[in-house]
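A.B. asks: compute the structure for the input listed below.
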Amino acid sequence: MESAELIAILREVRERVRTQRPETSAGAGIPVADLMALVHARDSALGKVAAIGTVNPRAGGLANSLVQAWKRLVARVLDWHVREQVEFNRQVLGCVDAAIEAFNEDNRALVELGGRLEAAQENLRAAQESLGRNIQAAQEGLGQEIRMVQESLGPEMADIRKHWAEWRAGWEYKLAQNEIQFLRSVADLQGAFQHRVTLMDTSFRETVRTQHADFMGALERSVGDIQRRLWLEFERTFHSELRLIRQRSQMPAAGVVGAGHPATHEQVARPLPAPEASQESAPLAMDLARFTERFRGPEEHVKAGQRLYLPVFEGCRSVLDIGCGRGEFLELMREAKIPTVGIDLSEESVATCRLKGLEAETADLFTYLAGLPEESLDGIFCAQVVEHLPPKRLPEMIQLCASRLTRYGVIAIETPNPECLAIFATHFYLDPTHARPVPHPLLAFYLEEYGVGILEVRKLAPAVESMPSLASLPEAFRGAFFGGLDYAIVGKKL
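C.D. replies: Numbering: from 1, shown residues only. Just a heads-up that it's a prediction; the model follows:
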């Protein structure tokens, strides 16, 4: 290829590059924005984004190989954490590329405008030169004619020369004004361009700031949610391991939940077996939490059923929950800002309550009540406990509860309803620690015996809700023999 052709190709490539990447001057003394610093910053940011998740190389060797493997594992584990940040960085770099391209478009437009301005200025200079030459020629010709006319006209020619000088001065003034107006228009265009660049920069910064704030807020919420889930999973695993260790070491179980229907609580007051008792009377070793979840139901279900007791204990200042279990009633009392203490034989249940920030103790109800001063409580709640007691010890419990209540103190006892035949066909015998069901007339008699009056019996958990087939029975018969699976008796100490 000849040198002339090569030079022509190089000039064409240079012109294309200048068109795509304008220099720092658009011509006619108009500066344009230099985008190289922004391009270098963009390239540096691309390098940083590409380096996220990579591992620095190290020398060979077993130790270094293990370190590299560990680093790659950590990078892979943290990939979920930085994935949103990497995507955000890429979007930001895409926005920067778009801004650079827009700035290049503006620079190219300004360069084109400068070129046109230079061409206009060249044309104007050429016109001025041509006009000057024409004027000079005209002046010379006119001068000759004027001299001829002056010679012929005399005084009249002097007057014409005077008016000609005035017209020339006016024409030069108008020409200068047009040039000034043109330059002002160019200055206005440059100012509009700078204003547009400023607005774009401000909008870009505000967009990046808003996206960053949204990302950090979402990141903080996600991290908080993940931390809560991890702690909950840790606590659940921790207690599961404790249960397994206790069972494997054949430690005695802390307690067994009562009845299998949704309103059942843990056993709280199992009497101590006599020395001559058989092996069958020993506490059963089982996963208490799993047993409770299956036969008692979720905590929210139990709390929903216990909300009816809130008006009963309204205004109380010292309430005892006998058989607190997982602490559903204690949580309701805390929401109502009523001071309440729970007791339970199950150390696992008490630990669960304390993890929720509830006040609970591991204690036998007879020992605990005997250790309290008389008339020290103004409320006692006992759900699904009395059916676990031997019949001979039930009056003792009622006597202790009544003696620890202040005057007009309230007591609420909930237990399976033996008048409902469905309780024996389905739920009562699911709990191997149940001793004997307690009819509400007998429980009312014990309460009246020890000074508790104004009794009210409430039937709970209608059997037809869990056994729809009972709806085919006559209403009167169903009400008499298949009413509520549980009942609650509420009274006040007189």
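
A.B. asks: going forward, measure contacts between C-alpha atoms and count neighbours the same way
C.D. replies: Fine.

A.B. asks: next secondary structure after the helix or strand residue 136 falls within?
C.D. replies: Using DSSP states H and E, residue 136 sits in helix 79-153. Proceeding N to C from helix 79-153, the next assigned helix or strand is helix 155-248, under DSSP H and E.

A.B. asks: just how off-centre is that next one within its chain?
C.D. replies: 30 Å (CA atoms, centre = their mean, to the nearest Å).

A.B. asks: packing partners for it?
C.D. replies: Based on contacts counted as 3 or more CA pairs under 8 Å, 6 or more residues apart in numbering; DSSP states H and E, the elements that helix 155-248 packs against are helix 79-153.

A.B. asks: what packs against the helix it packs on?
C.D. replies: Applying 3+ CA pairs under 8 Å, 6+ apart, we find helix 79-153 packed against helix 3-20, helix 36-51, helix 155-248.

A.B. asks: kindly recompute the last result at 10 Å.
C.D. replies: helix 3-20, helix 36-51, helix 62-77, helix 155-248 (3 or more CA pairs under 10 Å, 6 or more residues apart in numbering; DSSP states H and E).

A.B. asks: wait, residue 383 sits on residue 323?
C.D. replies: Yes. Applying CA atoms under 10 Å, one finds residue 383 in contact with residue 323, separated by 6.9 Å.

A.B. asks: domain ranges for the chain, per the record?
C.D. replies: Domain assignment of the chain by automatic domain parsing yields the ranges 12-230, 283-493.

A.B. asks: show me the contacts for the residue of the chain most remote from its centre.
C.D. replies: In terms of distance from the mean C-alpha position of the chain, residue 152 ranks first, at 104.2 Å (CA atoms, centre = their mean). Listed by CA atoms under 10 Å, 6 or more residues apart in numbering, the contact partners of residue 152 are residue 146.

A.B. asks: buried ones in stretch 92-101, by neighbour count?
C.D. replies: Residues of stretch 92-101 classed as buried: 92-93, 96, 99-100 (neighbour count, 16 or more other CA atoms under 10 Å).

A.B. asks: stretch 326-342 too?
C.D. replies: Using 16+ other CA under 10 Å, the residues of stretch 326-342 that count as buried are 326-333, 338, 340-342.

A.B. asks: so which of those belong to helices?
C.D. replies: Judged by DSSP state H, the subset of those located in helices is 328-333.

A.B. asks: coming back round to it: tell me the most buried of the domains of the chain?
C.D. replies: Ranked by average neighbour count under the criterion mean count of other CA atoms under 10 Å, the domains of the chain are headed by domain 283-493 at a mean of 18.

A.B. asks: now do that one: distance to the chain's middle.
C.D. replies: The mean C-alpha position of domain 283-493 is separated from the chain mean by 39 Å, CA atoms, centre = their mean.

A.B. asks: that domain - what's its average pLDDT?
C.D. replies: Domain 283-493 shows a mean pLDDT of 85.

A.B. asks: can you report phi and psi for residue 408?
C.D. replies: Its backbone dihedrals place residue 408 at phi 70, psi 10, with angles given as degrees, to the nearest 10.

A.B. asks: wait, it touches residue 494, no?
C.D. replies: Yes. The pair residue 408 and residue 494 passes the contact test of CA under 10 Å, sitting 5.7 Å apart.

A.B. asks: mutual contacts of the two, please.
C.D. replies: Between them, residue 408 and residue 494 have 452-454 as joint contacts when contacts are counted by CA under 10 Å, 6+ apart.
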